[in-house]
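*Asks:* Here's my sequence, what's the structure:
(one chain, ligands or ions: 4)
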Amino acid sequence: MKTTSAIPLCFLLLIFLSTTTNAHNITHILAKNPEFSTFNHYLTLTHLAGEINRRQTITVCAVDNAAMSALIAKGLSLVTIKNVLSLHVFADYFGSKKLHEVTKGSTSTATMYQATGEAPGTTGYVHITDVKGGKVRFTPEDNPTQTDVVYVKSILEMPYNISVIQISEILQSPEAEAPTSAPDLNLTSLLQRDGCKAFYNLLSTSGAIGTFLSTVDGGVTVFCPSATAVAAFAPKYKNLTAEEKTSVLLYHGVPTYNSMGMLRSSNGLMNTLATEGANKYDFTVKNDGEDVKLKTKVVTAAVTGTVIDEEPVALYKIDKVLLPRELFKGTVEADEPAPAPKGAKKKKKGAKEDDDADSPASDSSDDDDSDDVADQKASSGERLASSAVMAACLLLAFI
Ligand SMILES: *[C@@H]1O[C@H](CO)[C@@H](O)[C@H](O)[C@H]1NC(C)=O
Ligand SMILES: *[C@@H]1O[C@H](CO)[C@@H](O)[C@H](O)[C@H]1NC(C)=O
Ligand SMILES: *[C@@H]1O[C@H](CO)[C@@H](O)[C@H](O)[C@H]1NC(C)=O
Ligand SMILES: *[C@@H]1O[C@H](CO)[C@@H](O)[C@H](O)[C@H]1NC(C)=O
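*Replies:* Residues are numbered from 1 along each chain as shown. Ligands and ions are numbered 1, 2, ... in the order given. Next comes the predicted model:
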């Protein structure tokens with residue numbers, strides 16, 4: 001008796017241990033229910049799935065295939081469908097219990113549509129009302145007369161990270177359904193915008209642009225140095241062989257999409273388009289609050305702006321050319337315009353980084369290595385813990 005009741009607990013523990021290391025995956029969650037296959041398919045097509053997976057404290061309101069058919073029959077463009085579906089993702093956690101206990105019977109919540117900045121005013125809000133008879137009704141802010149959208153059931157609750165619920169119908173918002181033009185994701189034209197023209201010219205004349213363009217579909221992040229930075233780098237660049245020039249340029253591209261949010265919450269090594277094999281042509285992302293810095297061990301560049309951040313393309317402006325240690329080992333940053341006044345204002349940590357940049361052989365690399373070791377220890381610790389539970393479960397099963 002004892003053992004049989006302990007076994008389910010073991011599996012719960014195991015599941016818990018494996019979910020703490022992995023974030024949620026909405027595609028995977030919905031894949032278990034064929035009745036939501038169309039909704040699931042469109043979350044992938046619109047790239048909303050990735051955005052949902054990156055967020056925490058979120059509620060996804062899924063609709064069944066019949067309700068999705070009604071939406072598709074409207075013949076909206078994919079960008080517009082994305083707006084409509086993003087209205088179905090709440091930026092707050094609503095489990096079944098919380099839905100049935102909304103304060104004073106009514107509340108409103110911001111959605112991912114509101115967060116995109118596409119929604120004018122507060123049109124990206126949805127009202128949640130606990131109506132008589134235990135029903136919970138959802139109403140889009142800009143369509144108060146819609147009353148047919150009610151809570152059906154809970155699909156998954158992972159407090160307080162993600163709640164996936166089924167609602168009866170698509171929320172109809174005139175604003176979300178309004179025709180929208182697709183964002184310009186043409187990297188060639190994006191690179192010619194704002195401050196990226198000088199960098200674009202290098203990519204274009206060297207032919208490196210081809211590698212960037214062929215990466216776009218699978219996701220790409222490009223860091224484009226300012227015109228001033230490119231000009232300051234010109235004498236060094238001229239000295240490089242054609243192959244080295246290409247490597248430096250490819251070093252400014254990362255073959256995955258990284259939103260600003262992801263950059264701000266990640267510290268660690270990033271492989272680049274120039275990376276071939278382990279530990280080559282990579283750099284470290286360091287963030288300090290809202291500031292994102294890229295450290296190559298030769299130079300530390302700061303992200304100064306966003307040209308586009310729309311999956312699968314992210315293009316950011318940086319204040320320095322990224323110098324890979326493979327090509328510039330031992331060189332100092334002295335011939336680049338020294339950011340003396342800015343550097344002087346910086347707090348201690350910033351000053352240390354500048355010192356590191358001037359002496360690439362300094363102990364900065366030790367810091368990075370010890371971070372890596374700590375990370376590995378943490379994950380092997382989790383593995384150990386889950387193996388221990390697994391062993392205990394097996395033991396119990398055989399008693
Ligand atoms: C929610 O996410 C956090 C951070 O990723 C994690 O530590 C926590 O275990 C998650 N909760 C559940 C129930 O999965
Ligand atoms: C999420 O789950 C789907 C289906 O199980 C899988 O194909 C996909 O690779 C997963 N995504 C991530 C980021 O793990
Ligand atoms: C991207 O933009 C460039 C320059 O603006 C243009 O020549 C090219 O045809 C565009 N590519 C696509 C696929 O639209
Ligand atoms: C370019 O190379 C020449 C010859 O090796 C060297 O004298 C010069 O200092 C280099 N210029 C720069 C900016 O590195």
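
*Asks:* Tell me how far stretch 157-168 lies from the chain's centre.
*Replies:* Taking the mean of its C-alpha atoms, stretch 157-168 sits 20 Å from the chain's own mean (Cα atoms, centre = their mean, to the nearest Å).

*Asks:* can you pull the buried residues of that stretch?
*Replies:* 157, 162-168 (16 or more other Cβ atoms under 10 Å). All C-beta spots, glycine's among them, are computed from the backbone N, C-alpha and C.

*Asks:* Using CSV, lay out those together with secondary structure and pLDDT.
*Replies:* What follows is the buried residues of stretch 157-168, written out as CSV (DSSP: H, G, I helix; E, B strand; the rest coil; pLDDT from 0 to 100):
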residue, secondary structure, pLDDT
157, strand, 96
162, strand, 96
163, strand, 97
164, strand, 98
165, strand, 98
166, strand, 98
167, strand, 98
168, coil, 97
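
*Asks:* will you turn the residues you listed into JSON lines that also has distance to ligand 1?
*Replies:* Formatted as JSON lines, these follow (distance: Cβ to the nearest ligand atom, whole Å):
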{"residue": "157", "distance to ligand 1": "9"}
{"residue": "162", "distance to ligand 1": "8"}
{"residue": "163", "distance to ligand 1": "11"}
{"residue": "164", "distance to ligand 1": "13"}
{"residue": "165", "distance to ligand 1": "16"}
{"residue": "166", "distance to ligand 1": "20"}
{"residue": "167", "distance to ligand 1": "22"}
{"residue": "168", "distance to ligand 1": "27"}
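
*Asks:* And the furthest pair within these?
*Replies:* 162 and 168 (20.6 Å; Cβ to Cβ).

*Asks:* about what we covered before: and of the buried residues of stretch 157-168, the nearest to residue 109?
*Replies:* residue 163 (11.7 Å).

*Asks:* how about that closest one, what does it touch?
*Replies:* Each residue near residue 163 by Cβ atoms under 8 Å, 6 or more residues apart in numbering is listed here: 58-60, 93-95, 154, 156-157.

*Asks:* among those, which two are most distant?
*Replies:* That would be 58 and 154, which, of those, are the farthest apart (Cβ to Cβ) at 14.3 Å.

*Asks:* what about these two, which has more around it?
*Replies:* Remark: of residue 58 and residue 154, residue 58 carries more neighbours, 25 against 15, as counted by other Cβ atoms under 10 Å.

*Asks:* Surely the more buried one and residue 51 touch.
*Replies:* No. Using Cβ atoms under 8 Å, residue 58 makes no contact with residue 51, being 9.4 Å away.
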